[in-house]
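In: okay, here's the prediction I keep looking at, along with the sequence it came from:
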Amino acid sequence: MLHAENEYTYERITEIKDFIKSKCDIDPKVGIICGTGLGSIGELITDAFILDYKNIPYFPISTVEGHKGRLILGYIKTVPVICMQGRFHYYEGYSLSKCVMPVRLMKLLGVTHLIASNAAGGLNQDFKIGDIMLQKDHVNVMGFSGNGPLVGLNDLRFGPRFFSMVNAYDVDLLESAKKIAEELGLKNIKEGVYTCVGGPTYETVAEVRALRSMGIDAAGMSTVHEVTTARHCGMRCFAFSLITNICPIDYSTAVESEIHSNDVIEVAMSKDKDLKLFVERIVQFIGKNDLNSVK
Ligand SMILES: O=P(O)(O)O[C@@H]1C[C@H](O)[C@@H](CO)O1
């Protein structure tokens, strides 16, 4: 099968990078992607320089509720950061290579660490609404059919043609995040495997059962392709899912537990305080311990 050419070449993303550099002289080291309803993480940023996506050349726009569509550069506890207050999803009609363009932009701006967050449905029936699942791994179900962000010609300036996805979710960052959560007294921390479904539909009961049998703990509509792209260009990654609903695994309860996108946003926003503190401490940890560790 022939794939459409990726419009976001190295040269084009360099143009976007140069545009941002011409407006703002912050050199971000940590990139943050806010999930649905989790945009308040951006409020942590001081000396904030804010760009609406619509004012950045070649940038797509956010079309979903719960995603403001703003790029913020600034500092979290003296660590220079760049934050996407709103991400791009495949179901919005954007190709996966378009969805991940900002990750490559972050790389060209000097980012070494990515923190990705998302709202997700719990497939693991031991999970509860409001749990924070630290991602230890993912299953790239969209990739099983050859749909991935790196399909097409490879540009070695970003990374190699083939590479390992072992340690995609950096073990040291994961362990440190667990300790930070404990120190903060966050009780609802879980660990698990995430997958990205194409969306925009939520899962059928049969799909929940199938995904669960593959060892997947939470289903969402993002993150997998972002982390894949970040690893391709050598970033260290940490990701977490806020469990906004439990996916029904039984037909007898499926209808009464039917999910609505408003509930997703509401649950995400209700965890605002804990998640801001959590992200702040992780960024601080990276700033103190890890910034020079990227090979
Ligand atoms: O951007 P994320 O992955 O947090 O968004 C999730 C998946 C869908 O976009 C939306 C569903 O309600 O939330």
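Out: All right, it came through fine.
In: secondary structure class for the residue in the chain positioned nearest to the ligand?
Out: The nearest approach of the chain to the ligand comes at G35, 2.8 Å away (Cβ to the nearest ligand atom). Every C-beta, even on glycine, is put in place using the N, C-alpha and C of the backbone. At G35 the chain is in coil, as set by DSSP: H, G, I helix; E, B strand; the rest coil.
In: how about it: what's its closest non-neighbour residue?
Out: Closest residue in space to G35, ignoring its immediate chain neighbours: N118 at 3.8 Å, by Cβ to Cβ, 6 or more residues apart in numbering.
In: how many residues are close by the one you found?
Out: Neighbours of N118 under the rule other Cβ atoms under 10 Å: 27.
In: contact partners for it?
Out: By Cβ atoms under 8 Å, 6 or more residues apart in numbering, the residues touching N118 are 35-36, 38, 194, 220-223, 239-242.
In: closest one of these to C99?
Out: S222 (7.7 Å; Cβ to Cβ).
In: gap between that closest one and S241?
Out: Distance of S222 to S241, given as Cβ to Cβ, to the nearest Å: 10 Å.
In: which residues of the stretch 151-295 of the chain lie near the ligand?
Out: Taking Cβ under 6 Å from any ligand atom as the contact definition, the stretch 151-295 of the chain meets the ligand at 199, 220-222, 261, 264.
In: make a markdown table out of those and add pLDDT.
Out: As requested, these are exported to a markdown table (pLDDT from 0 to 100):
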| residue | pLDDT |
| --- | --- |
| G199 | 94 |
| G220 | 98 |
| M221 | 98 |
| S222 | 98 |
| S261 | 90 |
| V264 | 93 |
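In: out of these, which is nearest to K77?
Out: Closest to K77, out of all of these and judged by Cβ to Cβ, is S222, at 26.1 Å.
In: residues near the closest one, how many?
Out: Neighbour count of S222, defined by other Cβ under 10 Å: 26.
In: isn't H113 up against G234?
Out: No - the criterion here is Cβ atoms under 8 Å, and H113 misses it with G234 at 10.6 Å.
In: looking at those two now, which is surrounded by more residues?
Out: Shown here are H113 and G234; by other Cβ under 10 Å, H113 has more neighbours (27 against 14).
In: the helices in the stretch 1-150 of the chain, which residues?
Out: Secondary structure of the stretch 1-150 of the chain by DSSP state H, counting those that start in this stretch: the helices cover 10-23, 96-99, 101-109.
In: highest average neighbour count across the ones you listed?
Out: The highest average neighbour count among the helices of the stretch 1-150 of the chain, using mean count of other Cβ atoms under 10 Å, belongs to helix 101-109 at a mean of 25.
In: got the angle between that one and helix 10-23?
Out: Computed by axes from the mean of the first three to the mean of the last three Cα atoms, to 10 degrees, the angle separating helix 101-109 from helix 10-23 equals 70 degrees.
In: kindly export helix 101-109 (C-alpha atoms) in CSV.
Out: Only the C-alpha atoms of helix 101-109 are listed here, as CSV (Å, rounded to 0.1, in the frame of the first residue of the first chain):
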residue,chain,number,x,y,z
MET,A,101,4.2,16.7,14.6
PRO,A,102,4.3,18.7,17.9
VAL,A,103,6.5,15.9,19.4
ARG,A,104,9.1,16.4,16.7
LEU,A,105,8.7,20.1,17.1
MET,A,106,9.5,19.7,20.8
LYS,A,107,12.6,17.7,19.8
LEU,A,108,13.9,20.4,17.5
LEU,A,109,13.3,23.0,20.3
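In: if we can go back for a sec, where do the contact lists of S222 and S241 overlap?
Out: With Cβ under 8 Å, 6+ apart as the test, S222 and S241 both reach 35, 118.
In: now the residue lying farthest from the centre of the chain: which helix or strand?
Out: Using Cα atoms, centre = their mean, the residue of the chain lying farthest from its centre is S252. It sits 33.1 Å away. S252 belongs to helix 251-254 when elements are defined using DSSP states H and E.
In: could you dump that helix to CSV, C-alpha only?
Out: Extracted C-alpha coordinates of helix 251-254, given in CSV (Å, rounded to 0.1, in the frame of the first residue of the first chain):
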residue,chain,number,x,y,z
TYR,A,251,-23.7,-7.2,28.8
SER,A,252,-26.0,-7.2,31.9
THR,A,253,-24.5,-3.9,33.2
ALA,A,254,-23.3,-2.3,29.9
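In: how many neighbouring residues does the residue of the chain closest to the ligand have?
Out: Neighbours of G35 under the rule other Cβ under 10 Å: 29.
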